[in-house]
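Enquirer: requesting a structural model of the entry that follows:
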Amino acid sequence: MSMNVKMLVFRIHALQRMAQRDISPDDIRQSLENGRVVEDYPDDKPYPSCLVLGWIGKRPLHIVIAENTESRETIVITVYEPDSIKWMSGFMRRKS
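Expert: Residues are numbered from 1 along each chain as shown. The predicted structure is shown next:
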């Protein structure tokens with residue numbers, strides 16, 4: 001599935017986590033363009049959001065984004081490498 005990534009807006013928290021984890025804005029864009037939605041959060045405020053699984057080579061990334069459809073922005077809230085202790089193989093489902 002290819003996501004229609006509009007203008008990316010990075011929250012300060014996301015930029016801090018990206019710096020800590022050596023993740024570039026290009027890594028985020030590539031992951032979102034080729035990513036799959038893992039979980040939807042349609043009731044999040046101020047915008048609906050979701051958790052996306054993307055890959056940079058063999059490195060999995062979970063990216064939480066919100067969609068501001070009015071201004072056509074994809075807001076990057078946070079990004080992290082999913083932990084195999086908390087996620088099933090493939091990182092698409094949480095362990096119980």
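Enquirer: any idea how far residue 80 is from residue 86?
Expert: Distance, residue 86 to residue 80, using C-beta to C-beta, to the nearest Å: 11 Å. C-beta here means a position set from N, CA and C on the backbone, and glycine is covered the same way.
Enquirer: report the mean per-residue pLDDT for the one helix or strand residue 17 maps to.
Expert: Assigned by DSSP states H and E, residue 17 belongs to helix 12-20. For helix 12-20, the per-residue pLDDT values average out at 97.
Enquirer: could you list the buried residues of the very next helix or strand once past that helix?
Expert: Elements were assigned by DSSP H and E; along the chain past helix 12-20, the next helix or strand is helix 25-33. Residues 27, 28, 30, 31, 32 are the ones in helix 25-33 that count as buried (16 or more other C-beta atoms under 10 Å).
Enquirer: how far is stretch 7-27 from where the chain is centred?
Expert: Average the C-alpha atoms of stretch 7-27, do the same for its chain, and the two points are 10 Å apart (C-alpha atoms, centre = their mean, to the nearest Å).
Enquirer: many thanks, I have nothing further to ask.
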